[in-house]
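Participant: build me a model:
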Amino acid sequence: MKREVKFSLVFRDMWQSAGKYVPRVDQLVKVAPAIIEMGCFARVETNGGGFEQVNLLFGENPNKAVREWTKPFHEAGIQTHMLDRALNGLRMSPVPADVRKLFYKVKKAQGTDITRTFCGLNDVRNIAPSITYAKEAGMISQCSLCITHSPIHTVEYYTNMALELIKLGADEICIKDMAGVLLPADAYELISKMKAAVKLPLELHTHCTGGVAEMTVMRAIEAGIDIVDTALSPLSGGTSQPCTEALEYVLQGTPYDPKLNLEYLKKACDKLTIVKDRFLANGGLNPKALTTNPNILKYQVPGGMLSNLMSQLKGQGAMDKYEEVLNEIPRVRKDLGYPPLVTPLSQMVGTQAVMNVISGER
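Facilitator: Numbers count the residues shown, from 1 in each chain. Model (predicted):
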């Protein structure tokens, strides 16, 4: 049945993928009113590991910053969501269970409504405690399927994983295509079969890194996806998410139209463009992160991982090794048993590939 699709603005991730944790909370709050007036977003991603790290980087108190950023959305009746890393919480390494349990209560008190939990190994056992803690804290538990390609990761694999998560109490399922490698035909097959088996809301998160994201989104919409993650145009495309405005123009006049207010959408983008230009000028935003690389469909490297690789290579004075490192990543991944390249596995695999190339030995 054709119906209106909802957009979710992944504000944290479009910054993280393109600019590697660069916004301050004062920059975020300035854009909030225009985002609200667009009138289309059912939810906005406001925080997560990257957000907390940038608060600390700029000398900001993360607790205060998250409250300031979620406040205008709550007042407008828009839900906010965040990303967490299962056993790692907001960190890159495991966090004790009692700390994670408290962490959800704190996030709920700060104004976060939905927690998007993923495990870098797609291990349901690692996600299970987060479902319990989130629901006990009064949050909606959205659980992620980290999309990757290998002999193991089939449509049946992901459908069965979703059913396991639902049995454990998940309220929603996110198809998390962190590297932008989900092809349109595969998306249609996966979402069609999942909609037949899963009765909970399905949300699609993808990246434009490989150049197929917009086509994938359209096929996902046709297959029945409920919510699609998007980014505002100044920080869309490349390693980031599909462009909000472009999708609105494509969907206008169709049964799927989310009916954005394009006037306010432009205002938000104008504010972001000023910040983006400043970061381009001072080197905080690598132009390579804004381009498309179809070879990613082979390498399966997420946007955040690419920006991290660029930072590592730049620090070593070895940007000329960029393509060589990309070629090394699939070999390292195979050695490790085909883990999905998502935090923290993406950083581990990427760093190992950089070390292999720079040292000249595997």
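
Participant: any weak-confidence spans in this protein?
Facilitator: Where the chain drops to pLDDT under 70, the residues are 1-2, 19-23, 39-41, 48-57, 302-304.

Participant: longest helix in it, by residue count?
Facilitator: Of all the segments of type helix in the chain, defined by DSSP state H, the longest one is helix 262-282.

Participant: quick check: buried residues in it?
Facilitator: Of all the residues in helix 262-282, those buried under the rule 16 or more other Cβ atoms under 10 Å are 264, 265, 267, 268, 269, 271, 272, 275, 276, 279. C-beta coordinates here come from the backbone N, C-alpha and C atoms, glycine included.

Participant: neighbouring contacts of the following helix or strand past it?
Facilitator: Later in the chain than helix 262-282, the nearest helix or strand by DSSP states H and E is helix 296-299. For helix 296-299, the external contacting residues (Cβ atoms under 8 Å, 6 or more residues apart in numbering) are 179-181, 183, 209-212, 306, 326-327, 329-330.

Participant: return the set of buried residues in helix 296-299.
Facilitator: 296, 297, 299.

Participant: just after that helix, pick out the following helix or strand.
Facilitator: helix 303-315.

Participant: so what does the next helix-or-strand element following that next one touch, helix or strand wise?
Facilitator: Downstream of helix 303-315, the first helix or strand assigned by DSSP H and E is helix 322-335. Packing partners of helix 322-335 (3 or more Cβ pairs under 8 Å, 6 or more residues apart in numbering; DSSP states H and E): helix 296-299, helix 303-315, helix 345-359.

Participant: how many other residues sit next to the residue lying closest to residue 227 once chain neighbours are set aside?
Facilitator: Excluding its sequence neighbours, the residue lying closest to residue 227 (Cβ to Cβ, 6 or more residues apart in numbering) is residue 203, at 4.0 Å. Residue 203 is flanked by 25 other residues according to other Cβ atoms under 10 Å.

Participant: can you pull the contacts of residue 195?
Facilitator: 202, 223, 224.

Participant: need the contact list for the second one.
Facilitator: If you count contacts by Cβ under 8 Å, 6+ apart, residue 223 has them with 187, 188, 189, 190, 191, 192, 195.

Participant: re the thing from before, out of the helices and strands packed on helix 322-335, which comes closest to residue 121?
Facilitator: Ranking the helices and strands packed on helix 322-335 by distance to residue 121, with Cβ to Cβ as the measure, places helix 345-359 first at 7.1 Å.

Participant: so what's the gap between the closest one and the chain middle?
Facilitator: 22 Å (Cα atoms, centre = their mean, to the nearest Å).

Participant: what packs against that helix?
Facilitator: helix 303-315, helix 322-335.

Participant: and the angle from that helix to helix 303-315?
Facilitator: 30 degrees (axes from the mean of the first three to the mean of the last three Cα atoms, to 10 degrees).

Participant: what are the buried residues along helix 345-359?
Facilitator: 345, 346, 347, 348, 349, 350, 352, 353, 354, 356, 357, 358.

Participant: surely the third one and residue 309 touch.
Facilitator: To tie it back to what came earlier, the one meant is residue 347. No: in this structure, residue 347 is not within contact of residue 309 by Cβ atoms under 8 Å, at 9.3 Å.

Participant: who touches both of the two?
Facilitator: Common neighbours of residue 347 and residue 309 (Cβ under 8 Å, 6+ apart) do not exist.

Participant: so where do the strands sit in the stretch 151-300 of the chain?
Facilitator: Along the stretch 151-300 of the chain, the segments classed as strands by DSSP state E, counting those that start in this stretch run 172-177, 202-206, 227-230.
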